[in-house]
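[1] what's the 3D shape of this:
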Amino acid sequence: MNIFERMLNTQALMFVYVMTGIIMAKAKLLNHEGRISFINLLLDITLPCMILNSFNIDADINQLIAAGEIMIISFVCFIIAWLSGKIFWRKAPHNRRAVLEFATMFSNAGNAGMPIVASVFGTEGVFYTSFYLLPVRVLIWTAGLSLFVDGGNFKEKLKILLKTPSLDVVFLGIVLMFLPFKLPTVLSNAIKNMGDMTGPLSMIIIGAALGEANFREALDVDAFKLTLVRLVVQPLIFLLILRAAGVKDILWQVVVILTAMPAAANTEIIAEKYGKDYQFAARCVAVSTIISLFSVPLLTLLF
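    Residues are numbered from 1 along each chain as shown. Below is the predicted model:
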């Protein structure tokens, strides 16, 4: 089965999970408070378990070199995305510009991208994704947050960053890789099984959020412009650059998939917290999420 077929099957599964979330929201089986509990379960338990499981391997020197390479690629991609945001949205209304720039710089690579990469590339893909996300998580709470906070407190941002389980568990996983022993079978199986919940859970959460949305309001021209940049323009730029640079196949394929994910789910959360147009942010997340279910498999035809 080629990458397109695997991606098509994965996205079809994700669509089923999203529809499950929509139905649950419409049937009042999952309200806003319940969704917040699911989000906490995802961010604090299942996603960290998925990441930790990816490090429970005997990594060779080539994989470690590739992990360092993908961290450099991640930072370069951020610089390109940052410049893209400044260029594309320079004329956007002030109250929307922070949302548009943030959503251009950061995709939903962790919550949505990692489960998809896991389904398509397996544990090795999750391993590389974990390292790709290291610079991203740091940049979200520094450069990203600075778009919303004027003169933000660096100490406060650092505290938020250090309390992020998905970041902390990467460092724990690196230690685990170099230990002279592996985790007991029962513990490693428990970690793997909880990590396997991440894909369905993340899509159900996104579906529940879409189920609460007003789809008439989603027909926002700027949200569709953002979606075009987020799902098509940037991934194609990265694909061309990375292939021209001769980057190893699995590395550039993982990066392109991660950068082709919809707008980061926390775009709306941060916008609401800091008084920006959070309703517009929610529309950007919703529109890009729906369209990504179809755009990502099509993109892999270029692989």
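
[2] next helix or strand past the longest helix belonging to the chain?
    Counting by DSSP state H, the longest helix found in the chain is helix 61-88. Counting by DSSP states H and E, the next helix or strand C-terminal to helix 61-88 is helix 94-105.

[3] for that following helix, packing partners?
    Counting contacts by 3 or more C-beta pairs under 8 Å, 6 or more residues apart in numbering; DSSP states H and E, helix 94-105 is packed against helix 61-88, helix 221-228, helix 266-273, helix 278-299. Placement of C-beta: from N, CA and C, glycine included.

[4] so how far is residue 32 from the closest residue to residue 296 other than its chain neighbours?
    Using C-beta to C-beta, 6 or more residues apart in numbering and skipping the chain neighbours, the partner closest in space to residue 296 is residue 260 (5.3 Å). According to C-beta to C-beta, to the nearest Å, residue 260 stands 29 Å off from residue 32.

[5] between those two, which one's more packed in?
    Using other C-beta atoms under 10 Å, the more surrounded residue of residue 260 and residue 32 is residue 260, with 25 against 10.

[6] so what touches stretch 292-303?
    For stretch 292-303, the external contacting residues (C-beta atoms under 8 Å, 6 or more residues apart in numbering) are 3-4, 7-8, 11, 14-15, 18, 112, 116, 231-232, 235-236, 239, 253, 256-257, 260-262.

[7] between the helices and strands packed on helix 94-105, which one is closest to residue 22.
    Smallest distance to residue 22 across these (C-beta to C-beta): 10.3 Å, for helix 278-299.

[8] give the buried residues for that closest one.
    The neighbour-count check on helix 278-299 (16 or more other C-beta atoms under 10 Å) flags 278, 280-292, 295-297, 299 as buried.

[9] picking up where we left off before, and the residue nearest to residue 296, how far is that from residue 254?
    Here residue 260 is placed at a distance of 11 Å from residue 254 (C-beta to C-beta).

[10] could you do residue 174 as well?
    18 Å.

[11] of the two, which one has the most company?
    Neighbours per residue (other C-beta under 10 Å) separate residue 174 from residue 254, with residue 254 holding more: 26 against 16.
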